[in-house]
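# Quick one, fold the following:
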Amino acid sequence: MTERIRLSYEGMTAEIQREGAQIASFRLADGVERIWQADPQIWAEHAPVLFPVCGAPLNGQVEIDGVSYPMPKHGITRHNPLFSVARQGKDFVDLVLEDSEATRASYPFAFALHVIYTLYPNGYRTTFLVENRDQKVMPFCIGGHPAFNCPMEDGAAFADYDVLFEKEETGCIACFPDNGPMDGEEKLPFMTDGRVLPLRHEEIDPRDSWLFTAPRSRSVRLVNRNTGKGLVMHFPKIEALAIWSAVGKYADYICLEPWHGIPAAKNESGILAEKPYATSLQPGESYVTWFDVTWCL
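Numbering: from 1, shown residues only. Next comes the predicted model:
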(Lines give C-alpha, C1' and ligand atoms only; values in the text may rest on other atoms or scores of the structure.)
Protein backbone atom coordinates (compact mmCIF):
# COMPACT_ATOMS: atom_id res chain seq x y z
CA MET A 1 0.00 0.00 0.00
CA THR A 2 1.23 3.45 -0.85
CA GLU A 3 2.15 5.79 1.99
CA ARG A 4 -0.76 7.58 3.66
CA ILE A 5 -0.75 10.75 5.75
CA ARG A 6 -3.28 10.85 8.59
CA LEU A 7 -5.06 14.08 9.51
CA SER A 8 -7.49 14.79 12.33
CA TYR A 9 -9.75 17.58 13.52
CA GLU A 10 -12.41 17.59 16.26
CA GLY A 11 -13.09 13.85 16.07
CA MET A 12 -12.81 13.65 12.28
CA THR A 13 -10.04 11.80 10.48
CA ALA A 14 -8.73 11.77 6.93
CA GLU A 15 -6.04 9.81 5.11
CA ILE A 16 -4.19 11.30 2.17
CA GLN A 17 -2.39 9.00 -0.23
CA ARG A 18 0.96 10.52 -1.11
CA GLU A 19 1.09 8.84 -4.51
CA GLY A 20 -1.11 10.98 -6.73
CA ALA A 21 -2.06 13.22 -3.75
CA GLN A 22 -5.47 11.56 -3.43
CA ILE A 23 -7.72 11.75 -0.40
CA ALA A 24 -8.26 8.08 0.41
CA SER A 25 -10.41 8.23 3.54
CA PHE A 26 -12.63 10.71 5.35
CA ARG A 27 -14.58 9.92 8.47
CA LEU A 28 -16.66 12.22 10.64
CA ALA A 29 -16.91 11.63 14.38
CA ASP A 30 -19.42 8.84 13.69
CA GLY A 31 -16.61 6.77 12.13
CA VAL A 32 -18.47 6.13 8.85
CA GLU A 33 -16.27 6.09 5.76
CA ARG A 34 -17.31 8.73 3.20
CA ILE A 35 -14.73 8.13 0.44
CA TRP A 36 -14.94 5.28 -2.09
CA GLN A 37 -12.43 2.59 -1.14
CA ALA A 38 -11.01 1.89 -4.59
CA ASP A 39 -12.36 -1.61 -5.21
CA PRO A 40 -10.05 -2.87 -8.00
CA GLN A 41 -12.90 -4.92 -9.49
CA ILE A 42 -14.88 -1.72 -10.08
CA TRP A 43 -12.64 1.38 -10.04
CA ALA A 44 -9.29 1.33 -8.27
CA GLU A 45 -9.13 5.05 -7.43
CA HIS A 46 -10.25 7.35 -4.62
CA ALA A 47 -9.95 10.95 -5.81
CA PRO A 48 -7.50 11.60 -8.67
CA VAL A 49 -5.99 15.03 -9.24
CA LEU A 50 -6.27 16.11 -12.89
CA PHE A 51 -3.40 18.18 -14.35
CA PRO A 52 -2.58 19.66 -16.87
CA VAL A 53 -5.67 18.34 -18.69
CA CYS A 54 -9.14 17.30 -17.57
CA GLY A 55 -10.49 14.30 -19.46
CA ALA A 56 -9.03 12.77 -22.58
CA PRO A 57 -6.90 14.93 -24.91
CA LEU A 58 -7.39 14.79 -28.67
CA ASN A 59 -5.67 11.68 -30.08
CA GLY A 60 -3.84 11.21 -26.78
CA GLN A 61 -1.68 14.29 -27.16
CA VAL A 62 -1.58 18.06 -26.70
CA GLU A 63 0.13 20.74 -28.72
CA ILE A 64 2.36 23.21 -26.87
CA ASP A 65 4.38 25.87 -28.70
CA GLY A 66 3.90 24.05 -31.98
CA VAL A 67 5.09 20.66 -30.68
CA SER A 68 2.87 17.66 -29.93
CA TYR A 69 3.39 15.83 -26.64
CA PRO A 70 1.84 12.53 -25.47
CA MET A 71 -0.67 13.15 -22.71
CA PRO A 72 -2.61 10.50 -20.74
CA LYS A 73 -6.28 10.94 -19.93
CA HIS A 74 -6.55 13.35 -16.97
CA GLY A 75 -2.87 14.23 -17.26
CA ILE A 76 0.32 13.34 -15.43
CA THR A 77 -0.61 13.40 -11.73
CA ARG A 78 -3.11 10.73 -10.77
CA HIS A 79 -0.59 7.89 -10.29
CA ASN A 80 2.49 10.06 -9.84
CA PRO A 81 4.76 8.74 -7.05
CA LEU A 82 6.85 11.93 -6.89
CA PHE A 83 4.59 14.04 -4.68
CA SER A 84 6.41 15.06 -1.50
CA VAL A 85 5.26 16.72 1.72
CA ALA A 86 5.96 20.45 1.63
CA ARG A 87 4.14 21.30 4.89
CA GLN A 88 2.08 19.33 7.35
CA GLY A 89 0.08 19.97 10.50
CA LYS A 90 -2.42 17.97 12.50
CA ASP A 91 -5.34 19.03 10.30
CA PHE A 92 -3.70 19.84 6.95
CA VAL A 93 -1.08 18.66 4.50
CA ASP A 94 0.51 20.34 1.49
CA LEU A 95 1.74 17.86 -1.10
CA VAL A 96 3.86 19.17 -3.95
CA LEU A 97 4.82 17.77 -7.34
CA GLU A 98 7.76 19.45 -9.08
CA ASP A 99 8.76 18.95 -12.67
CA SER A 100 11.10 16.13 -13.55
CA GLU A 101 12.42 14.40 -16.63
CA ALA A 102 9.31 12.20 -16.55
CA THR A 103 6.84 15.11 -16.41
CA ARG A 104 8.67 17.11 -19.06
CA ALA A 105 8.19 14.27 -21.57
CA SER A 106 4.48 15.19 -21.61
CA TYR A 107 4.48 18.71 -20.21
CA PRO A 108 7.64 20.72 -21.05
CA PHE A 109 7.63 23.23 -18.21
CA ALA A 110 9.33 23.93 -14.92
CA PHE A 111 6.47 24.01 -12.43
CA ALA A 112 5.27 23.14 -8.96
CA LEU A 113 1.79 21.78 -8.26
CA HIS A 114 0.64 21.96 -4.65
CA VAL A 115 -2.37 19.91 -3.56
CA ILE A 116 -3.43 21.01 -0.09
CA TYR A 117 -6.01 19.24 2.08
CA THR A 118 -7.42 21.12 5.08
CA LEU A 119 -10.01 19.75 7.52
CA TYR A 120 -12.73 21.96 8.98
CA PRO A 121 -16.01 21.26 10.83
CA ASN A 122 -17.85 18.43 9.03
CA GLY A 123 -15.73 18.64 5.90
CA TYR A 124 -12.53 19.42 4.06
CA ARG A 125 -11.08 21.74 1.44
CA THR A 126 -8.94 20.72 -1.54
CA THR A 127 -6.74 23.58 -2.75
CA PHE A 128 -4.72 23.56 -5.97
CA LEU A 129 -1.78 25.96 -6.17
CA VAL A 130 0.09 26.00 -9.49
CA GLU A 131 3.45 27.79 -9.81
CA ASN A 132 5.06 28.64 -13.14
CA ARG A 133 8.80 28.34 -12.51
CA ASP A 134 9.61 28.57 -16.20
CA GLN A 135 10.67 31.46 -18.43
CA LYS A 136 7.70 31.06 -20.77
CA VAL A 137 3.92 31.21 -20.51
CA MET A 138 2.54 27.94 -19.10
CA PRO A 139 -0.98 26.79 -20.10
CA PHE A 140 -2.81 24.23 -17.97
CA CYS A 141 -6.15 22.85 -16.86
CA ILE A 142 -6.78 21.37 -13.43
CA GLY A 143 -9.55 19.56 -11.61
CA GLY A 144 -10.69 17.15 -8.94
CA HIS A 145 -12.24 13.69 -9.22
CA PRO A 146 -13.36 12.69 -5.68
CA ALA A 147 -15.54 9.60 -5.32
CA PHE A 148 -18.07 9.51 -2.48
CA ASN A 149 -19.74 6.43 -1.08
CA CYS A 150 -23.40 6.45 -2.07
CA PRO A 151 -25.57 5.47 -0.28
CA MET A 152 -24.24 7.20 2.81
CA GLU A 153 -26.72 5.79 5.35
CA ASP A 154 -27.71 2.32 6.49
CA GLY A 155 -30.87 1.14 4.78
CA ALA A 156 -30.57 3.63 1.91
CA ALA A 157 -29.97 2.91 -1.79
CA PHE A 158 -28.09 4.71 -4.56
CA ALA A 159 -31.43 5.62 -6.18
CA ASP A 160 -32.56 7.45 -3.01
CA TYR A 161 -30.16 10.31 -3.82
CA ASP A 162 -30.43 13.47 -5.90
CA VAL A 163 -27.84 15.95 -7.08
CA LEU A 164 -29.33 19.40 -6.42
CA PHE A 165 -27.88 22.34 -8.33
CA GLU A 166 -27.54 25.77 -6.75
CA LYS A 167 -29.09 27.51 -9.77
CA GLU A 168 -31.43 26.49 -12.57
CA GLU A 169 -29.54 24.75 -15.38
CA THR A 170 -30.42 23.86 -18.96
CA GLY A 171 -30.07 20.15 -18.23
CA CYS A 172 -27.70 19.80 -21.20
CA ILE A 173 -24.59 17.63 -20.96
CA ALA A 174 -21.77 16.91 -23.42
CA CYS A 175 -22.03 13.91 -25.78
CA PHE A 176 -19.11 11.53 -26.28
CA PRO A 177 -20.05 9.38 -29.31
CA ASP A 178 -18.39 5.95 -29.21
CA ASN A 179 -16.41 7.18 -26.15
CA GLY A 180 -14.54 9.56 -28.44
CA PRO A 181 -14.15 13.36 -28.30
CA MET A 182 -17.04 15.60 -27.32
CA ASP A 183 -19.44 16.20 -30.19
CA GLY A 184 -22.58 18.14 -29.39
CA GLU A 185 -24.83 17.86 -26.40
CA GLU A 186 -27.95 16.15 -25.15
CA LYS A 187 -30.61 17.24 -22.71
CA LEU A 188 -31.34 15.02 -19.74
CA PRO A 189 -35.12 14.56 -19.82
CA PHE A 190 -35.29 13.38 -16.20
CA MET A 191 -33.65 16.50 -14.73
CA THR A 192 -36.55 18.38 -13.14
CA ASP A 193 -36.88 22.16 -12.79
CA GLY A 194 -33.33 22.50 -14.10
CA ARG A 195 -32.02 21.80 -10.61
CA VAL A 196 -32.86 18.24 -9.49
CA LEU A 197 -30.90 15.35 -10.99
CA PRO A 198 -32.02 11.96 -9.58
CA LEU A 199 -29.31 9.31 -9.39
CA ARG A 200 -30.33 6.22 -11.34
CA HIS A 201 -27.83 3.65 -12.48
CA GLU A 202 -29.84 2.91 -15.61
CA GLU A 203 -29.29 6.54 -16.66
CA ILE A 204 -25.73 7.28 -15.60
CA ASP A 205 -24.04 3.90 -16.09
CA PRO A 206 -24.40 3.75 -19.91
CA ARG A 207 -22.71 7.17 -20.30
CA ASP A 208 -19.07 8.07 -19.89
CA SER A 209 -20.24 10.87 -17.57
CA TRP A 210 -22.75 13.61 -17.09
CA LEU A 211 -20.52 16.54 -18.03
CA PHE A 212 -21.93 20.03 -17.54
CA THR A 213 -19.51 22.16 -19.55
CA ALA A 214 -20.89 25.55 -18.51
CA PRO A 215 -23.12 25.26 -15.42
CA ARG A 216 -24.42 28.42 -13.80
CA SER A 217 -24.13 26.80 -10.39
CA ARG A 218 -21.00 26.97 -8.28
CA SER A 219 -22.25 24.47 -5.74
CA VAL A 220 -24.19 21.22 -5.73
CA ARG A 221 -25.71 19.04 -3.02
CA LEU A 222 -25.78 15.25 -2.97
CA VAL A 223 -28.66 14.36 -0.66
CA ASN A 224 -30.95 11.53 0.30
CA ARG A 225 -34.38 12.82 -0.74
CA ASN A 226 -36.00 10.86 2.11
CA THR A 227 -33.85 12.13 4.98
CA GLY A 228 -32.23 15.32 3.64
CA LYS A 229 -28.81 14.05 4.71
CA GLY A 230 -25.81 14.19 2.41
CA LEU A 231 -23.09 16.61 1.37
CA VAL A 232 -22.61 19.93 -0.36
CA MET A 233 -19.71 20.75 -2.69
CA HIS A 234 -18.71 24.37 -3.35
CA PHE A 235 -16.41 25.20 -6.29
CA PRO A 236 -16.54 29.01 -6.56
CA LYS A 237 -13.75 29.50 -9.15
CA ILE A 238 -14.21 26.32 -11.20
CA GLU A 239 -16.25 26.36 -14.40
CA ALA A 240 -17.28 22.78 -15.31
CA LEU A 241 -18.69 19.82 -13.40
CA ALA A 242 -18.61 16.12 -14.24
CA ILE A 243 -20.76 13.54 -12.45
CA TRP A 244 -19.61 9.97 -12.96
CA SER A 245 -19.82 6.37 -11.80
CA ALA A 246 -18.03 3.44 -13.43
CA VAL A 247 -19.75 2.50 -16.68
CA GLY A 248 -21.95 -0.56 -16.32
CA LYS A 249 -20.83 -1.43 -12.77
CA TYR A 250 -23.91 -0.31 -10.77
CA ALA A 251 -21.44 0.67 -8.06
CA ASP A 252 -22.25 2.31 -4.73
CA TYR A 253 -20.35 5.54 -5.30
CA ILE A 254 -20.64 8.76 -7.27
CA CYS A 255 -17.93 11.20 -8.36
CA LEU A 256 -18.55 14.93 -8.24
CA GLU A 257 -15.75 16.45 -10.30
CA PRO A 258 -15.11 20.21 -10.49
CA TRP A 259 -13.01 20.88 -13.60
CA HIS A 260 -11.10 24.00 -14.60
CA GLY A 261 -11.01 22.65 -18.17
CA ILE A 262 -12.90 20.14 -20.31
CA PRO A 263 -12.02 17.11 -22.47
CA ALA A 264 -11.21 17.18 -26.16
CA ALA A 265 -13.90 18.25 -28.61
CA LYS A 266 -14.17 16.71 -32.06
CA ASN A 267 -13.16 19.83 -34.00
CA GLU A 268 -10.74 21.46 -31.57
CA SER A 269 -7.16 22.39 -32.49
CA GLY A 270 -5.53 20.22 -29.83
CA ILE A 271 -3.56 23.26 -28.64
CA LEU A 272 -3.53 23.21 -24.84
CA ALA A 273 -3.64 27.00 -24.49
CA GLU A 274 -6.82 27.14 -26.60
CA LYS A 275 -8.84 24.71 -24.52
CA PRO A 276 -11.90 26.17 -22.80
CA TYR A 277 -11.09 27.39 -19.26
CA ALA A 278 -7.34 26.77 -19.68
CA THR A 279 -5.19 29.20 -17.70
CA SER A 280 -2.09 30.70 -19.32
CA LEU A 281 0.21 31.47 -16.41
CA GLN A 282 2.95 34.04 -16.85
CA PRO A 283 6.55 33.25 -15.79
CA GLY A 284 6.98 33.53 -12.03
CA GLU A 285 3.25 33.72 -11.36
CA SER A 286 0.98 31.32 -9.48
CA TYR A 287 -2.69 30.35 -9.61
CA VAL A 288 -4.95 29.15 -6.80
CA THR A 289 -8.34 27.45 -6.91
CA TRP A 290 -10.23 25.14 -4.56
CA PHE A 291 -13.37 23.20 -3.73
CA ASP A 292 -15.01 22.41 -0.39
CA VAL A 293 -16.96 19.34 0.67
CA THR A 294 -19.19 19.57 3.74
CA TRP A 295 -21.48 16.86 5.13
CA CYS A 296 -24.99 17.79 6.26
CA LEU A 297 -26.09 15.42 9.02
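# List the contacts of residue 268.
With contact taken as C-beta atoms under 8 Å, 6 or more residues apart in numbering, residue 268 is in contact with 58, 181, 274-275. Just so you know, the C-beta spots here come from the backbone N, C-alpha and C atoms, and that holds for glycine as well.
# where along the chain do the helices fall?
For the chain, the helices defined by DSSP state H cover 101-104, 201-204.
# weakest of these in terms of mean pLDDT?
Per-segment mean pLDDT for these reaches its minimum on helix 201-204, at a mean of 91.
# before we move on, the earlier item: winner for burial among the helices of the chain?
The densest packing among these, expressed as mean neighbour count by mean count of other C-beta atoms under 10 Å, is seen in helix 201-204 with a mean of 15.
# Nearest spatial neighbour of residue 212, chain-adjacent residues omitted?
residue 241 (4.8 Å; C-beta to C-beta, 6 or more residues apart in numbering).
# Surely the one you found and residue 256 touch.
Yes. Using C-beta atoms under 8 Å as the test, residue 241 is close enough to residue 256 to be in contact (7.1 Å).
# Counting neighbours, go ahead and name the busier of these two.
Taking other C-beta atoms under 10 Å, residue 241 and residue 256 do not tie; residue 241 has more neighbours (28 against 24).
# for residue 124, what are its contacts?
14, 23, 26, 117-118, 292-293.
# Tell me, what's the model's pLDDT at residue 291?
If you check residue 291, the pLDDT there is 98.
# Hmm, it is touching residue 118, no?
No. Shown here, residue 291 and residue 118 do not form a contact pair, counting by C-beta under 8 Å, at 11.7 Å.
# who has more neighbours, those two?
For residue 291 and residue 118, the more surrounded residue by other C-beta under 10 Å is residue 291, and the numbers stand at 24 against 19.
# do you know how far the more buried one is from residue 42?
Residue 291 sits at a distance of 24 Å from residue 42 (criterion: C-beta to C-beta, to the nearest Å).
# Then residue 267?
Relative to residue 42, residue 267 is positioned 34 Å away (criterion: C-beta to C-beta).
# In terms of neighbours, single out the busier of the two.
Under the criterion of other C-beta under 10 Å, the comparison of residue 267 against residue 42 puts residue 42 first, with 16 against 9.
# from what I can see that one touches residue 246, true?
Yes. With contact defined as C-beta under 8 Å, residue 42 and residue 246 form a contacting pair (5.4 Å).
# Neighbours of the residue nearest to residue 96 when sequence neighbours are not counted, how many?
Leaving out its chain neighbours, the residue that sits closest to residue 96 by C-beta to C-beta, 6+ apart is residue 86, at 4.3 Å. With neighbours defined by other C-beta under 10 Å, the count for residue 86 comes to 16.
# Next up, the contacts around residue 189.
Remark: with contacts taken as C-beta under 8 Å, 6+ apart, residue 189 is in contact with residue 171.
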